[in-house]
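J.: A structural model of the following input is requested.
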Amino acid sequence: MSVSVFRVVSAVCCAAVLAACTSDSPSGPTPPAFDGSISQIQVDASVATAYVQLGDTIKSVNVANATSSAEWDLSLFSTTIALNSGPTGPGSVSGVCLCANEGVSNAAIQGLTAASQLPAFQAITAASIPADGQFLAESINPRITGWFTGTGASAQANSARSFVVLRSRVLPVPLYGKFRVTNITGATATAAGSVTFEYTMQATSNGALPAVRTATVTVGSAPVFFDLVAGAVSSAAGTWDLRFEGFLIRANSGASGGAGHLVAPPQDVSFATLDLAAMRALPNSSFGQDALGGPFGARPWYKYNVTGTDLQIWPNFNVYLVKKGNAVYKLQAISYYDTTGKGRVITLRSARLR
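T.: Here you go, the predicted structure:
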């Protein structure tokens, strides 16, 4: 998912932060007992994305296609909580973090519990609801940025900018690749049209970097997935590295995909000189994954490894307000573990404010 290679693989583990590197046996935060006075649910988000629908009673729902379904309001996977809006789904769900605990120290957060934070949760009433303008829809913060200039139909390729992609789950040595967009034609107000790009990616660990190839994809209303090793258009269910959608290029990582690929910061250097040695020399800490920019992504509901040695997820018990239609709900994530110590089993409590 040599010393340099060892450092990259280590970075990969930590960049998937919390998926592979988090212990399943909590030494500090403990799962809460259920409180029948509020709506509460425990969601297993350990293997696949789980979906939740808000209401007077919060409940899990089965979703066949999240991008076309309005039946869900929140999605959960590992530590990620997302809203059904913007790039994640067709809903109009938005949210805001009240974030009273955002400044809590690492020492103090160890003393917070679901029980101790319940009174603060209950104290939030309809009077706490801010103006509509403070609610945020879901958004994506992609690692691949600046590949075009201009806007809408006037968009032009920025061929001076190159991108390094690392297939982080290929072991024992990750695969490195690079690409740059060289031409855009037929762009509209909402999509880039025909996007031509140059690319290459290792096919085997420690293999040579193949000759640079060129491909063109047509980006319209539906996403286009591309496999940099096979050199072909793929599918969401297949092997892919890049996802072209509107004016976004998303990597198969983080908020955009489950493969755990990593992307270095944009490289404004000659594409030809960006060889395998140059790519491997990029700082491991600079690689990252696509991230959500909504209220849960911008202001996370947890802290990680607060003692410096526990490698655990610790809820900060921030309260979020989630709005769908005219209804507004308060929501708090109160545990990442079940009673056996299994991680990625998130407990949420909620209540309707209006």
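J.: quick one: contacts for the spatially most central residue of the chain?
T.: The residue lying closest to the centre of the chain (Cα atoms, centre = their mean) is Ala255, at 2.4 Å. By Cβ atoms under 8 Å, 6 or more residues apart in numbering, Ala255 lies in contact with Thr80, Ala82, Ile140, Asn141, Gln289, Asp290, Ala291, Leu292, Gly297. Bear in mind the C-beta positions are built from the backbone N, C-alpha and C, glycine included.
J.: change it to 7 Å
T.: With contacts defined as Cβ atoms under 7 Å, 6 or more residues apart in numbering, Ala255 is in contact with Thr80, Ile140, Asp290, Ala291, Leu292.
J.: and what of Leu76?
T.: Contact analysis of Leu76 by Cβ under 7 Å, 6+ apart lists Val43, Ala45, Thr49, Ala50, Val52, Ile346.
J.: would the first one count as being in a strand?
T.: Yes: secondary structure assignment (DSSP: H, G, I helix; E, B strand; the rest coil) places Val43 inside a strand.
J.: pLDDT below threshold where in the stretch 151-300 of the chain?
T.: Along the stretch 151-300 of the chain, segments meeting pLDDT under 70 span 169-171.
J.: Quick one, which of the contacts of Ala255 are buried?
T.: When these are checked for burial by 16 or more other Cβ atoms under 10 Å, the buried set is Thr80, Ile140, Asp290, Ala291, Leu292.
J.: Tell me the spacing between the first one and Arg299.
T.: Translated: Thr80. Look at Thr80 and Arg299: by Cβ to Cβ, to the nearest Å, they are 13 Å apart.
J.: now swap in the fourth one and tell me
T.: For Ala291, the distance to Arg299 under the criterion Cβ to Cβ works out to 12 Å.
J.: re earlier: next step: the contacts of Ala255 restricted to strands.
T.: Thr80, Ile140, Ala291, Leu292 (DSSP state E).
J.: Neighbours of the nearest residue to Ala192 once chain neighbours are set aside, how many?
T.: Closest residue to Ala192 apart from its sequence neighbours, by Cβ to Cβ, 6 or more residues apart in numbering: Val219 at 4.7 Å. The number of residues packed near Val219 is 24, by other Cβ atoms under 10 Å.
J.: isn't Val219 right up against Val195?
T.: Yes: contact criterion Cβ atoms under 7 Å: Val219 and Val195 qualify, at 5.6 Å.
J.: Walk me through the domains of the chain.
T.: Here the domain parsing of the chain from automatic domain parsing is 3-138+293-352, 141-289.
J.: does Tyr304 have beta-bridge partners, and which?
T.: Beta-bridge pairing of Tyr304 under DSSP bridges involves Ile313.
J.: what about it, how many residues close to it?
T.: 16.
J.: wait, isn't it in contact with Ile313?
T.: Yes: contact criterion Cβ under 7 Å: Tyr304 and Ile313 qualify, at 6.0 Å.
J.: Just give me the closest of the contacts of Leu76 to Ala259.
T.: Distance to Ala259 across the contacts of Leu76 (Cβ to Cβ) is lowest for Thr49, with 14.1 Å.
J.: so what's that closest one up against?
T.: Applying Cβ under 7 Å, 6+ apart to Thr49 gives the contacts Ser75, Leu76, Phe77.
J.: Need the contact partners of stretch 148-165.
T.: 144, 146-147, 176-184, 187-189, 192, 201, 228, 241, 247, 251, 261, 263-264, 266-269, 271, 274, 279, 282.
J.: Can you say which of these are buried?
T.: 144, 147, 176-181, 184, 187, 192, 201, 228, 241, 247, 251, 261, 263-264, 266-267, 271, 274, 279, 282.
J.: among the residues you listed, which are in strands?
T.: Short answer: the buried ones among the contacts of stretch 148-165 in strands (DSSP E) are Tyr176, Gly177, Lys178, Phe179, Arg180, Val181, Ile184, Met201, Ala251, Val263.
J.: Please report how far the third one lies from Leu209.
T.: To Leu209, Lys178 is 8 Å away according to Cβ to Cβ.
J.: Common neighbours of those two, please.
T.: Joint contacts of Lys178 and Leu209 (Cβ under 7 Å, 6+ apart) are Thr200.
J.: the helices in the stretch 1-150 of the chain, which residues?
T.: 3-15, 106-109, 118-123 (DSSP state H, counting those that start in this stretch).
J.: Give me the residues contacting the second one.
T.: So that's helix 106-109. With Cβ under 7 Å, 6+ apart, helix 106-109 has contacts from Lys303, Val306, Trp314, Asn316.
J.: Buried residues, that helix. List them.
T.: Ile109.
J.: who does the helix or strand encompassing Tyr336 pair up with?
T.: Taking DSSP states H and E as the criterion, Tyr336 maps to strand 327-337. If you go by DSSP bridges, strand 327-337 pairs up with strand 320-324 (antiparallel), strand 343-352 (antiparallel).
J.: Could you dump the ones you listed into CSV and include mean pLDDT, distance to Thr125 and mean neighbour count?
T.: CSV is the format used below for those (pLDDT from 0 to 100; distance: least, Cβ to Cβ, whole Å; neighbours: other Cβ atoms under 10 Å):
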stretch, mean pLDDT, distance to Thr125, mean neighbour count
strand 320-324, 98, 11, 22
strand 343-352, 97, 10, 22
